[in-house]
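S.K.: using only what follows, build the 3D model:
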Amino acid sequence: MSVIEEVVAKLEDWKDRQVSIQHLSGGLTNTNYKVTVDGTPYFIRVPGEGTELLAIDRKNEYHSAKAAAQAGVGPKVLYHVPEYNVMVLEFLQGSTMSKESLSEPGMPKRMAESIKRLHAGPRFLLDFNMFRLTEYYLRLCRDRTIKIPDGYLERMDTIAQIEKAMSVKPLTTVPCNNDLLAENYIDDGKQLWLIDYEYSGNNDPTFELGNTCQEMQFNEEQIAEVCTAYFGSAARDKIARMKLNMIMSDVGWGLWAAIQAEISRIDFDFWGWALERWGRAVEKMDSAEFPVWLKDVQA
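M.R.: Numbers count the residues shown, from 1 in each chain. Reported below is the predicted structural model:
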């Protein structure tokens, strides 16, 4: 039997019932399925091979998924099959979002509202820090001789500058998803649901905001809309924190993509994505605005 078939067979509640399994497209790390049991749909995701190398803690993910459901922004966790690192979630009836759909008028505000709701919910099990994750990914690349884009190591002093500036007046950490790319938003027509808690952890809220703005490639007006909807205003220090975290988003997830290019069996140009993200990070670090952002987060 395949892994998904083994998982389905493990669930006592589903024995002797009419079960159908449908593979869903999408996912850069795992394989997704819609499983229908006597007409009721469920969502199951089977982790991909080697994902433990990407610093995913499945116990933390399970805890966070339940907390997000409690906060009212994540799907309910209906079953847990820990030996397969699998959760059975309620199937959300809605549209999986895209960069284009989330760039429509009013959407940045809706995104910020859902994020704020998650951040006000129960705290997560572990903390998340992109500076530490970047260090881990670099060690992994060194130890396994994984190719990284040119210039990464030479920029570590700049990364240290960012962390030092942001630590002067740190924000209280909140439970964050930390990986809100477009496909991790589901719109049911009433609210935006936030899914996939593999990289979840308590974190600076401006990483969540900056990271998702970077994933959407939002313009200045959209970034300000997200900041205002979340904080009540587009204050210079908050915008600066978001901008610096947009850099860290590309720095960290760029390394993630380089690692995936080495270990993943998914048909996706991970190396091209690594180069694209690193290029964006370098462009921002070399910009005239960069020293202004460093100054503003300390003001």
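S.K.: ok, the nearest residue to Q18 once chain neighbours are set aside to D16 distance?
M.R.: If you skip the residues right next to it in sequence, Q18 has D38 as its closest partner in space, 5.3 Å away by C-beta to C-beta, 6 or more residues apart in numbering. Glycine gets a C-beta too; all of them are placed from N, C-alpha and C. Plainly put, D38 is 10 Å away from D16 if you go by C-beta to C-beta, to the nearest Å.
S.K.: neighbour count winner among the two?
M.R.: Regarding D38 and D16, a neighbour count based on other C-beta atoms under 10 Å identifies D38 as having more, with 8 against 5.
S.K.: low-confidence ranges in the stretch 101-250 of the chain?
M.R.: Segments of the stretch 101-250 of the chain classed as low confidence (criterion: pLDDT under 70) are not present in this model.
S.K.: how about the helices of it, start to end?
M.R.: Ranges of helices in the stretch 101-250 of the chain, per DSSP state H, counting those that start in this stretch, are 107-119, 130-143, 156-166, 205-216, 220-231, 236-263.
S.K.: ok, V282 touching E154?
M.R.: No - the pair V282 / E154 is not scored as a contact, 10.2 Å apart, by C-beta atoms under 8 Å.
S.K.: ok, these two, which is more surrounded?
M.R.: Neighbour totals were compared for V282 and E154, and V282 leads with 20 against 8 (other C-beta under 10 Å).
S.K.: confidence score at the more buried one?
M.R.: Model confidence at V282, given as pLDDT, is 98.
S.K.: what's the domain layout of this protein?
M.R.: Annotated domains of the chain cover 3-94, 96-296 [automatic domain parsing].
S.K.: just name the most buried of the ones you listed.
M.R.: Taking mean count of other C-beta atoms under 10 Å as the contact definition, the stretch among the domains of the chain with the greatest mean neighbour count is domain 96-296, which reaches a mean of 18.
S.K.: what about that domain, how long is it end to end?
M.R.: 36 Å (C-alpha to C-alpha, to the nearest Å).
S.K.: so after the host helix or strand of E283, what's the next helix or strand?
M.R.: Under the criterion DSSP states H and E, the helix or strand holding E283 is helix 270-285. Once helix 270-285 ends, the next helix or strand along the chain (criterion: DSSP H and E) is helix 290-296.
S.K.: of all the helices of the stretch 101-250 of the chain, which lies closest to L11?
M.R.: Smallest distance to L11 across those (C-beta to C-beta): 28.0 Å, for helix 107-119.
S.K.: alpha carbons of that closest one, as PDB, please.
M.R.: Once non-C-alpha atoms are left out, helix 107-119 reads as follows in PDB (Å, rounded to 0.1, in the frame of the first residue of the first chain):
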ATOM      1  CA  MET A 107      -6.900  42.000   0.000                       C
ATOM      2  CA  PRO A 108      -3.800  43.200   1.800                       C
ATOM      3  CA  LYS A 109      -6.100  44.500   4.600                       C
ATOM      4  CA  ARG A 110      -7.900  41.100   4.800                       C
ATOM      5  CA  MET A 111      -4.600  39.300   5.000                       C
ATOM      6  CA  ALA A 112      -3.500  41.500   7.900                       C
ATOM      7  CA  GLU A 113      -6.800  40.900   9.700                       C
ATOM      8  CA  SER A 114      -6.400  37.100   9.500                       C
ATOM      9  CA  ILE A 115      -2.800  37.400  10.600                       C
ATOM     10  CA  LYS A 116      -3.700  39.500  13.500                       C
ATOM     11  CA  ARG A 117      -6.300  37.000  14.600                       C
ATOM     12  CA  LEU A 118      -3.700  34.200  14.500                       C
ATOM     13  CA  HIS A 119      -1.200  36.300  16.500                       C
END
